[in-house]
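# Sequence first, then the predicted structure:
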Amino acid sequence: MNPLTHLRSRTAVLAHENIDTDRIIPARFLTTTEREGLGRHAFNDWRYRDDGSADPAFALNQPNAQGCEILVAGRGFGCGSSREHAPWALLDYGLRAVLSSEIADIFRSNALKNGLLAITLNAAEHRYLLAHPGIELAIDIAAGTIELPDGGRFRFELDAFSRHCLLEGVDQLGFLHRHEAQIAAFETRREACA
């Protein structure tokens, strides 16, 4: 994972409510444990027509959505089954953050563990972002702020461990590897006391 300290990007808006993990990455694409390549299947059944061509009506296929790293999604994003492939697909697609007024707990946990910033906003902040697609936001992970083009700010909460992992660019296993010496010393002391 790459460290994520700041993110500046325009927003792409996908205002539909209750976008579940099967909509994010259909189950038929879950035959791999590789993260690379899943982005081409993100929102597959919305993004493509039956003949495989891009559907120009889909919000993320619009020219103004190209290159956006921040997705503003409708309420209830990431509901449904627990699949790590969903944040993997979004990251491989090029997204670094998802903002909504409600993000499913399991999806949010999986996202944060894999380096995808998942932020819940209050209803008024969410409505503002939905109504202003394409605005540029500046997210400061350490400060827990989202800066708007007019200088206004939204605040967001992240648990300390998720914030640390995002800022350092490590997942849970990477965090443990960084503390192998301390873990070994603890185990040695514990065995000596037994």
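Looks like it came in fine.
# which residue is nearest the middle of this structure?
Central residue of the chain (Cα atoms, centre = their mean): residue 116, 3.2 Å from the mean position.
# What ranges in this structure fall below the confidence cut-off?
Regions of the chain meeting the criterion pLDDT under 70 cover residues 171-186.
# Not counting sequence-adjacent ones, nearest residue to the residue nearest to the centre of the chain?
residue 87 (4.4 Å; Cβ to Cβ, 6 or more residues apart in numbering). (Each C-beta comes from the backbone N, C-alpha and C, glycine too.)
# Go ahead and confirm the one you found touches residue 110.
Yes - in this structure, residue 87 is within contact of residue 110 by Cβ atoms under 8 Å, at 5.2 Å.
# mind listing what the closest residue to residue 91 other than its chain neighbours touches?
Setting aside the residues directly before and after it, residue 91 is nearest to residue 116 in space (Cβ to Cβ, 6+ apart), at 5.4 Å. Counting by Cβ atoms under 8 Å, 6 or more residues apart in numbering, residue 116 makes contact with 87, 90, 91, 95, 96, 97, 98.
# Got phi/psi on residue 116?
For residue 116, the backbone dihedrals are phi -100, psi 120 (criterion: degrees, to the nearest 10).
# Repeat that for residue 164.
Residue 164 adopts backbone torsions of phi -60, psi -50, taken as degrees, to the nearest 10.
# List of residues touching stretch 137-150?
Against stretch 137-150 from outside (Cβ under 8 Å, 6+ apart): 4-11, 70, 97, 99, 117, 119, 135-136, 153-158, 163, 166-167.
# Mind giving me the packing neighbours of the lengthiest strand in the chain?
With residue count as the measure and DSSP state E as the assignment, the chain has strand 6-14 as its longest strand. On a contact count with 3 or more Cβ pairs under 8 Å, 6 or more residues apart in numbering; DSSP states H and E, strand 6-14 meets strand 70-73, strand 97-100, helix 123-131, strand 136-140.
# export the ones you listed to TSV and tack on distance to residue 19 and mean neighbour count?
Formatted as TSV, the entries for the helices and strands packed on strand 6-14 read as follows, by distance: least, Cβ to Cβ, whole Å; neighbours: other Cβ atoms under 10 Å:
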stretch	distance to residue 19	mean neighbour count
strand 70-73	6	26
strand 97-100	9	25
helix 123-131	13	16
strand 136-140	20	17
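# Could you provide those in a markdown table, with additional columns for distance to residue 25?
Written out in a markdown table, the entries for those read as follows (distance: least, Cβ to Cβ, whole Å):
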| stretch | distance to residue 25 |
| --- | --- |
| strand 70-73 | 14 |
| strand 97-100 | 14 |
| helix 123-131 | 23 |
| strand 136-140 | 24 |
